[in-house]
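Visitor: Just to be clear, the model below is a prediction. Sequence and coordinates:
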Amino acid sequence: KDSERQMEANLLTKAGRWSYELEWRIIDTEKGPGPRSFPPNILSGIVFGCRMPQEDRDLVRLWVETGPCRPEFYEAVVKPSSYALDIVLVD
């Protein structure tokens with residue numbers, strides 16, 4: 001279907017200038033919406049968006065603390081005067 005192809009293109013296409021991020025995206029459409037299991041060691045990092053509220057960051061950290069994964073935490077920081085972000089490690 002055209003709508004499925006368009007959705008796939010929107011979710012899986014990334015602008016070339018962001019390719020250095022080496023991001024992986026996993027999309028599972030077989031079972032419908034809901035949580036999925038995965039080997040804990042494949043989640044190596046979580047990037048908080050530059051505008052993500054502290055309350056949401058704290059909630060994500062709480063989820064991680066109660067689960068089997070131990071990823072690093074990063075934050076997207078807007079680079080002044082450019083269309084770019086720095087991804088920096090946070091405590």
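Guide: Thanks, I have the structure now. Numbering: from 1, shown residues only.
Visitor: Met7: helix or strand, and which one exactly?
Guide: Met7 belongs to helix 2-12 when elements are defined using DSSP states H and E.
Visitor: Run through who's touching that helix.
Guide: 25, 27 (Cβ atoms under 8 Å, 6 or more residues apart in numbering). In this view, the C-beta of every residue, glycine as well, is placed from N, C-alpha and C.
Visitor: Could you name the helices and strands sitting against the next helix or strand after that helix?
Guide: As assigned by DSSP H and E, the chain's next helix or strand after helix 2-12 is strand 45-48. In terms of contacts (3 or more Cβ pairs under 8 Å, 6 or more residues apart in numbering; DSSP states H and E), strand 45-48 is packed against helix 54-65, strand 72-78.
Visitor: Tell me which of the ones you listed lies nearest to Arg25.
Guide: Of all the helices and strands packed on strand 45-48, strand 72-78 sits nearest to Arg25, with 16.1 Å by Cβ to Cβ.
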